[in-house]
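S.K.: here is the input, now give the coordinates:
(one chain, ligands or ions: 1)
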Amino acid sequence: MTSTIDFNLAEKPRASILIVYTGGTLGMDYDQNGSLVPCGFDQVLKRVPVLKELNINLSVSSFDPPLDSSNVNASHWIQIGQIIKDHYEAFDGFIVLHGTDTMAYSASALSFILQGVNKPIIFTGAQLPIASPRSDGHENFVTALEIAADLQDGVPSVSEVCIFFNHLLLRGNRSKKVESQHFDAFESENYPVLAEAGIIIDYNLPSIKPYEPASKLRLYTQLSEEVLILKLFPGINRSTAASILGAANVKGIIMESYGSGNVPHQSWFLELLKQTIESGVVVLNVSQCNGGRVVQGKYEASSSLDKIGVVSGGDLTTEAATTKMMYALGRYTDMSDIKNCLTTSVSGEIN
Ligand code: ASP
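M.R.: Next up is the predicted model:
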């Protein structure tokens, strides 16, 4: 259910923003055992009285119960997408309050299932609960709202799915959580920062997706959960690799390889990969590095991969690769359509 927050604004509000509250540390408090548990949005509202000074008309749609984002799955992405779609015309922008643990997966997933976006959809959260005096949640939440309400020459400054965290606005499907203690939790190694918030909010306009006034929002609700991630490590043996590559009910495997896409160049490993692909499973090769890209064939250690049929993930993050695989397998049945989807940009996730 969506409810409007009554601030009794004196002036005409400059924008209407819908907050989708899913949970996460921002809205958590300590239980009797000293563990952080999610609380309702009223707890958040009480702690950020400055919201009424923004002169923004705010409404909220809350998950019930709110989640620790480690419990998020594809059904929650569809729920977020459906809330945004149902309220798309009535609002100028959307803030998704979400836990940091899986925020990069969720922002990536939303960038695939919601297409034709021409309004800001900004994920944010916090490393410290908003109830804590030193919480980073205040700054993250308030500045994300400022960005979502911002217009330049009458059009939204940002019209894509983003993460705003610790002064940086990042493309959602290029982001990774890289830090669990400090406030600089997210980075985007393979794509420039979209905006930096200091005394002013400095937008990097050439890197922001251009505003497309005529685009129509579409929501794709089929996501396949028949995917897994195989992270290579030195010493991975035949039986471990065989049990992962041969897992039942799996249609897509994200293979996290070394460096620029390298894998153990032993015949048993390449043979296992070949058998997996011949059985109809899509194998998408992404790098364990945060920056750079997969270039199959650059080294001997990746030279057979193209021939076997491993799909190069280029500069996709693991988060974007996993959610894109779920989207591609949910949307297409034909193998060439699936591969084409994985290797071409759907919403700026791959170069
Ligand atoms: N476990 C929390 C979550 O992802 C962590 C956070 O929000 O920072 O929901």
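S.K.: okay, the nearest residue to residue 192 once chain neighbours are set aside: pLDDT?
M.R.: Nearest in space to residue 192, with sequence neighbours left out and distances taken as Cβ to Cβ, 6 or more residues apart in numbering, is residue 207 at 4.4 Å. The way it works is simple: take the backbone N, C-alpha and C, and place the C-beta from them, glycine included. With respect to pLDDT, residue 207 scores 98.
S.K.: which ones are touching residue 207?
M.R.: For residue 207, the residues meeting the contact criterion (Cβ atoms under 8 Å, 6 or more residues apart in numbering) are 171, 191, 192, 193, 194.
S.K.: go on, residue 141?
M.R.: 26, 44, 48, 95, 97, 124, 126, 130.
S.K.: what about those residues, which are in helices?
M.R.: Within the contacts of residue 141, residues falling in helices by DSSP state H are residue 44.
S.K.: of the contacts of residue 141, closest to residue 18?
M.R.: Nearest to residue 18 among the contacts of residue 141 is residue 95, at 7.5 Å by Cβ to Cβ.
S.K.: the closest one against residue 124, yeah?
M.R.: Yes: between residue 95 and residue 124 there is a contact under Cβ atoms under 8 Å: 6.5 Å.
S.K.: mutual contacts of those two, please.
M.R.: 141, 144.
S.K.: between these two, which one's more packed in?
M.R.: residue 124 (31 against 25; other Cβ atoms under 10 Å).
S.K.: the strand ranked longest in the chain: which residues count as buried?
M.R.: Longest strand in the chain, counting residues (DSSP state E): strand 56-67. The neighbour-count check on strand 56-67 (16 or more other Cβ atoms under 10 Å) flags 56, 57, 58, 59, 60, 61, 62, 63, 66, 67 as buried.
S.K.: how far does stretch 275-287 stretch from start to finish?
M.R.: Using Cα to Cα, to the nearest Å, one end of stretch 275-287 lies 22 Å from the other.
S.K.: quick check: mean pLDDT of that stretch?
M.R.: 97.
S.K.: any idea how far it is from the chain center?
M.R.: 23 Å (Cα atoms, centre = their mean, to the nearest Å).
S.K.: re earlier: among the contacts of residue 207, who's most crowded?
M.R.: So for the contacts of residue 207 (other Cβ under 10 Å), the most neighbours sit at residue 171, 27 neighbours.
S.K.: just say helix, strand or coil for the closest residue to it other than its chain neighbours.
M.R.: Among residues not flanking residue 171 along the chain, residue 191 sits closest, at 5.3 Å (Cβ to Cβ, 6+ apart). Secondary structure of residue 191, reduced to three states by DSSP: H, G, I helix; E, B strand; the rest coil: coil.
S.K.: farthest pair in the buried residues of strand 56-67?
M.R.: Farthest apart among the buried residues of strand 56-67 by Cβ to Cβ are 57 and 67. That separation is 26.2 Å.
S.K.: what's around the residue of the stretch 51-200 of the chain at minimum distance from the ligand, how many residues?
M.R.: The minimum distance from the stretch 51-200 of the chain to the ligand, using Cβ to the nearest ligand atom, falls at residue 99 (1.9 Å). Neighbourhood size, residue 99 [other Cβ under 10 Å]: 25.
S.K.: write out the residues of the stretch 101-250 of the chain neighbouring the ligand.
M.R.: When proximity is defined by Cβ under 6 Å from any ligand atom, the stretch 101-250 of the chain lies next to the ligand at 101, 125, 127.
S.K.: repeat that with 5 Å
M.R.: 101, 125 (Cβ under 5 Å from any ligand atom).
S.K.: what about the helices in the stretch 101-250 of the chain?
M.R.: 103-113, 137-149, 238-245 (DSSP state H, counting those that start in this stretch).
S.K.: any idea which of those helices is most buried?
M.R.: helix 103-113 (a mean of 28; mean count of other Cβ atoms under 10 Å).
S.K.: which non-adjacent residue is nearest the most centrally placed residue in the chain?
M.R.: Centroid-nearest residue in the chain, with Cα atoms, centre = their mean: residue 107, separated by 2.3 Å. Nearest non-adjacent residue to residue 107, counting by Cβ to Cβ, 6+ apart: residue 172, 2.9 Å away.
S.K.: so what's that neighbour scoring on pLDDT?
M.R.: 98.
S.K.: who are the neighbours in contact with it?
M.R.: Taking Cβ under 8 Å, 6+ apart as the test, what residue 172 contacts is 104, 107, 108, 110, 111, 121, 123, 160, 161, 162, 163.
S.K.: who touches the residue nearest to the centre of the chain in this structure?
M.R.: Residue 107 touches 96, 123, 161, 162, 163, 172, 173, 175, counting by Cβ under 8 Å, 6+ apart.
S.K.: now, which of the residues you listed sits nearest residue 153?
M.R.: Checking the contacts of residue 107 one by one against residue 153 (Cβ to Cβ), the nearest turns out to be residue 162, at 19.8 Å.
S.K.: I am finished for the moment; much appreciated.
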